[in-house]
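Peer 1: Next comes the sequence, and after it the predicted model I'd like to discuss.
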2 protein chains.
Amino acid sequence: MDVFSQHGFRGSTLDQIAKAAGLSKPNLLYYFPSKVAIHRELIDGLMQTWLDPLRKMQADGEPVEEILAYVLRKLEMAREYPRESRLFANEIVQGAPNIMDKIEGELKELVDEKAEVIENWITAGRIAPVDPYHLIFSIWATTQHYADFDAQIRGILHPEGDSHFEAARAHLDTLFRRMLTP
Amino acid sequence: MDVFSQHGFRGSTLDQIAKAAGLSKPNLLYYFPSKVAIHRELIDGLMQTWLDPLRKMQADGEPVEEILAYVLRKLEMAREYPRESRLFANEIVQGAPNIMDKIEGELKELVDEKAEVIENWITAGRIAPVDPYHLIFSIWATTQHYADFDAQIRGILHPEGDSHFEAARAHLDTLFRRMLTP
DNA sequence: CGCAGGTTTGACCATTTGGTCAAGAGAACC
DNA sequence: GGTTCTCTTGACCAAATGGTCAAACCTGCG
């Protein structure tokens, strides 16, 4: 995870991975059949963790709070699992060659479902009208940005550790609360 | 640009680049001394174009409209120059090894300057209070997302060509207008 | 034409890299 | 102790890759 998330698939070598795992290269290939297999395993494990917060957005909750809770959970994930976020980002930026099936399947299904939930909230006048898909994209973009573009953010803010995440939390809370409150 | 933006630095080969440029490999290396030199040249040229829209955000304009114009210009760039955006994204996700100096120099300077402009607008009560840095991060995140995560967005929306950009424009306009209107 | 400049390329090289293999440790069970 | 099964590794291989070089190919000019 360390190696792939930092260098991308092509940029990572088996030697690097083996060293990071404390194994010799042949030993690594004793547990995994190939480099792509290691990568696939990481991505597969990731997909579930990644979609979980969105799954937890319940139609029967208080709409604004449900969505806000999703935003904050996603931000928390960007802080806790930046490597996972970057692994994912690397993959998508390069055209998602290995996970397009998951995107068009599992992910699209879930997003379609939640978009309908949001649509219903709008119809019921419980949140302000928004394009549910683009709302979700905005949530992904703003939260994952803190993991994926970490290098840039640190280069500008020079924060101590993760201290800037509190300001990020407050900012995103305000941003989406204002957007959604009817 | 095609090759580097799609595969990242390590993932691109001189053969690929030469072929895309319609040159033989030795001929390519007749014009550029090395692979890194090609990459550096692309990134250098990019940096200016990239910062330009932010530079154009003028302190003496109407605050909300100035910021909104910046958002839309940035979104327009994501549509017009997705390769450039992805080249940049690839670089930052991997820790910005080649451009950290520019980020901590040129970029930070400009952002600090504009953050102060925004701060002054807030003090004058002309826009709602926000953390100017995180506002800028949100703008970068939401707009570049349409270029960097293009594969994901297309996998979910299946738009015809760039047809989804109009909805994106409307969505981001609403999002930031609500955020900023006092 | 001859020749001097820049331009283009096939062949080549050293290194890196994904992956194999046979042989050697350990552990477990008889 | 011996045997078997799992685990580990040094040595090796073929392909890919960044880069070199000498020779060939223009193109303009006297």
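Peer 2: That came in fine, so what should we check first?
Peer 1: where does the residue of chain A most remote from its centre sit relative to DNA strand D, distance-wise?
Peer 2: Most distant from the centre of chain A: residue A:26, at 32.6 Å, with distances by Cα atoms, centre = their mean. Per Cβ to the nearest atom of the strand, to the nearest Å, residue A:26 is found 3 Å from DNA strand D. From N, CA and C alone the C-beta is placed, and that goes for glycine too.
Peer 1: Would you map out the domains in chain A?
Peer 2: Chain A breaks down by the TED database into domains covering A:1-33, A:43-180.
Peer 1: ok, then the element right after the helix ranked longest in chain A?
Peer 2: Of all segments of type helix in chain A, defined using DSSP state H, the longest is helix A:35-55. Helices and strands here follow DSSP states H and E; after helix A:35-55, the next one along the chain is helix A:63-80.
Peer 1: Next, the angle helix A:35-55 makes with that next one.
Peer 2: 150 degrees (axes from the mean of the first three to the mean of the last three Cα atoms, to 10 degrees).
Peer 1: buried stuff in helix A:63-80?
Peer 2: For helix A:63-80, burial by neighbour count (16 or more other Cβ atoms under 10 Å in any protein chain shown) applies to A:63-64, A:66-72, A:74-75, A:77-79.
Peer 1: need those in TSV with pLDDT, can you?
Peer 2: Below are these laid out as TSV (pLDDT from 0 to 100):
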residue	pLDDT
A:63	97
A:64	97
A:66	97
A:67	98
A:68	98
A:69	98
A:70	98
A:71	98
A:72	98
A:74	98
A:75	98
A:77	97
A:78	97
A:79	98
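Peer 1: mind putting those in a markdown table, distance to residue A:179 included?
Peer 2: Formatted as a markdown table, these follow (distance: Cβ to Cβ, whole Å):
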| residue | distance to residue A:179 |
| --- | --- |
| A:63 | 12 |
| A:64 | 10 |
| A:66 | 14 |
| A:67 | 9 |
| A:68 | 10 |
| A:69 | 15 |
| A:70 | 13 |
| A:71 | 10 |
| A:72 | 15 |
| A:74 | 15 |
| A:75 | 16 |
| A:77 | 21 |
| A:78 | 19 |
| A:79 | 22 |
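Peer 1: Greatest separation within these: which pair is it?
Peer 2: Farthest-apart pair in the buried residues of helix A:63-80 is A:63 and A:79; separation 25.3 Å (Cβ to Cβ).
Peer 1: now the closest residue to residue A:100 other than its chain neighbours: how far from DNA strand C?
Peer 2: Leaving aside its sequence neighbours, residue A:100 sits nearest to residue B:155 (Cβ to Cβ, 6 or more residues apart in numbering or on different chains; 6.0 Å). For residue B:155, the distance to DNA strand C (Cβ to the nearest atom of the strand) stands at 26 Å.
Peer 1: likewise residue A:3?
Peer 2: 10 Å.
Peer 1: Would you list the phi and psi of that residue?
Peer 2: With angles defined as degrees, to the nearest 10, residue A:3 sits at phi -70, psi -50.
Peer 1: Tell me the spacing between it and chain B.
Peer 2: Relative to chain B, residue A:3 is positioned 11 Å away (Cβ to the nearest Cβ, to the nearest Å).
Peer 1: got a list of what that residue touches?
Peer 2: Contacts for residue A:3 (Cβ atoms under 8 Å, 6 or more residues apart in numbering or on different chains) come out as A:12, A:16, A:17, A:20.
Peer 1: how about the second one, what does it touch?
Peer 2: By that I understand residue A:16. Residues near residue A:16 by Cβ under 8 Å, 6+ apart: A:3, A:7.
Peer 1: Could you give the number of residues near residue A:163?
Peer 2: Per other Cβ atoms under 10 Å in any protein chain shown, the neighbour tally for residue A:163 reads 9.
Peer 1: is any part of the longest helix of chain A close to DNA strand C?
Peer 2: Yes - using Cβ under 7 Å from any atom of the strand, helix A:35-55 reaches DNA strand C at A:35, A:36.
Peer 1: I'd like the distance from that helix to the chain centre, please.
Peer 2: In this view, helix A:35-55 has its centroid 11 Å away from the chain centroid, taken as Cα atoms, centre = their mean, to the nearest Å.
Peer 1: likewise stretch A:9-18?
Peer 2: On Cα atoms, centre = their mean, the centre of stretch A:9-18 falls 23 Å from that of its chain.
Peer 1: again with stretch A:84-93
Peer 2: 8 Å.
Peer 1: Would that stretch count as contacting chain B?
Peer 2: Yes - using Cβ under 8 Å from any Cβ of the partner chain, stretch A:84-93 reaches chain B at A:86, A:89, A:90, A:92, A:93.
Peer 1: hang on, the earlier thing: next, format the buried residues of helix A:63-80 as a markdown table and append distance to DNA strand C.
Peer 2: Shown next, in a markdown table, are these (distance: Cβ to the nearest atom of the strand, whole Å):
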| residue | distance to DNA strand C |
| --- | --- |
| A:63 | 47 |
| A:64 | 47 |
| A:66 | 43 |
| A:67 | 41 |
| A:68 | 42 |
| A:69 | 41 |
| A:70 | 37 |
| A:71 | 37 |
| A:72 | 38 |
| A:74 | 32 |
| A:75 | 33 |
| A:77 | 28 |
| A:78 | 28 |
| A:79 | 30 |
